[in-house]
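Undergrad: What would the 3D arrangement of this be:
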Amino acid sequence: MEPVIEIESLSYRYPDGTHALQDVSLRIQPGERVALIGPNGAGKSTLLLHLNGILRGTGKVRICGLPAEKEHLPRIRALVGLVFQSPDDQLFSPTVYEDVAYGPIYQGLGKGQIAERVDKALNAVEMQAYAERMPYHLSLGEKKRIAVATVLSMQPQILAFDEPTAGMDPRAKRSLTALLAGLPQTLLVATHDLDLVRALLPRTIVIDGGRIAVDGSTCEILADEALLNAHGLR
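TA: Just a heads-up that it's a prediction; the model follows:
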C-alpha cells in the first residue's frame, strides 16, 4: 500500500543557522493515527509545516505520491488539513460560516457545493448552530472545533494537528478527543498531551533535537519511563 506521507532524509535549517530537522525519514500509511511527541523546540511543528509546503527543506516529502514541490502544492494543500495550535491563527472571517467556506472557495467550487461542504463540516464537529456567530466571541474549545471544520470542508485525506488540546480545560479536552476519535482521516498529531496520545494514537514517534529518536507502539513507548525522562516527556 502506498503511504500517504513519505519523508526521506528531510533536513531544515532556520535562517539563524539553527538545525530544526536533521535527516528525518518516516512513512505513514492510509488510516494510521500517529503521535509526534518530544520536548519544546524538538522540531515537531517544523515537521508539520513541511507537509503542505509552508516550509521546504532538503530531502524528499511526498503526499499521496505527490512530491511537495511548487507545481503540486495546490493539490497537496487540499489533501493535508493542517490545524494550528492557536485557532486565532486559522479564524479570521467575520462569521464562522465564512471561515469554514474559505477553503472550498479557494478550491473554486460553486455556491451550492460550498454550502454543502460547510454544512457537512459544521455537522461533523457539532457546531452547525454557530454558522452565523462571530469566531472571536467563542470559547477556546469552540474555536478549536471550528478550526477543525475549516480543514474538513476541504475534504482532506490527512489531518495534521499542532497541540490540539493546548490551553483547554478537562471537559473541552474530552470533547475534542471524542471528536478526533470519530474522524476517518489519517491523523498526525504533534502534542505534549500524553493522555491524548494514549487514548487516540496507537503509533508514536519521539522527536528530539530535530531527529527521530524512537518510532513504535504507543503502549510500549509510554510505558518506558527511562525513555520518556531522557526526552523531557516526564
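Undergrad: Centre-most residue in this protein?
TA: Ala160 (1.7 Å; Cα atoms, centre = their mean).
Undergrad: what residues are up against Ala213?
TA: Applying Cβ atoms under 8 Å, 6 or more residues apart in numbering to Ala213 gives the contacts Gly38, Val206, Ile207, His231. C-beta coordinates here come from the backbone N, C-alpha and C atoms, glycine included.
Undergrad: Max pairwise distance over the residues you listed: which two?
TA: Maximum pairwise distance among the contacts of Ala213 (Cβ to Cβ): 8.5 Å, between Ile207 and His231.
Undergrad: my read is the residue nearest to the centre of the chain is in a strand, agree?
TA: Yes: remark: Ala160 belongs to a strand, assigned using DSSP: H, G, I helix; E, B strand; the rest coil.
Undergrad: how many other residues sit next to Val118?
TA: Using other Cβ atoms under 10 Å, Val118 has 25 other residues around it.
Undergrad: tell me the SS of it?
TA: Put simply, Val118 is helix when judged by three-state DSSP.
Undergrad: That one and Ala20: what is the separation?
TA: The gap separating Val118 from Ala20 is 35 Å, by Cβ to Cβ, to the nearest Å.
Undergrad: and stretch 22-33, how far out from the chain's middle?
TA: In terms of Cα atoms, centre = their mean, to the nearest Å, the centre of stretch 22-33 is set 13 Å apart from its chain centre.
Undergrad: Contacts made by it with the rest, please.
TA: Stretch 22-33 is contacted by residues 1, 3-11, 34, 43, 47, 59, 157, 184, 186-189, 200-203, 205, 207, 209-212, 215 when judged by Cβ under 8 Å, 6+ apart.
Undergrad: Shouldn't Val206 be within a strand?
TA: Yes: looking at Val206 with three-state DSSP, it is inside a strand.
Undergrad: which residues touch it?
TA: Ile37, Gly38, Ile212, Ala213, Val214, Asp215, Ile221, Leu227, His231, Leu233.
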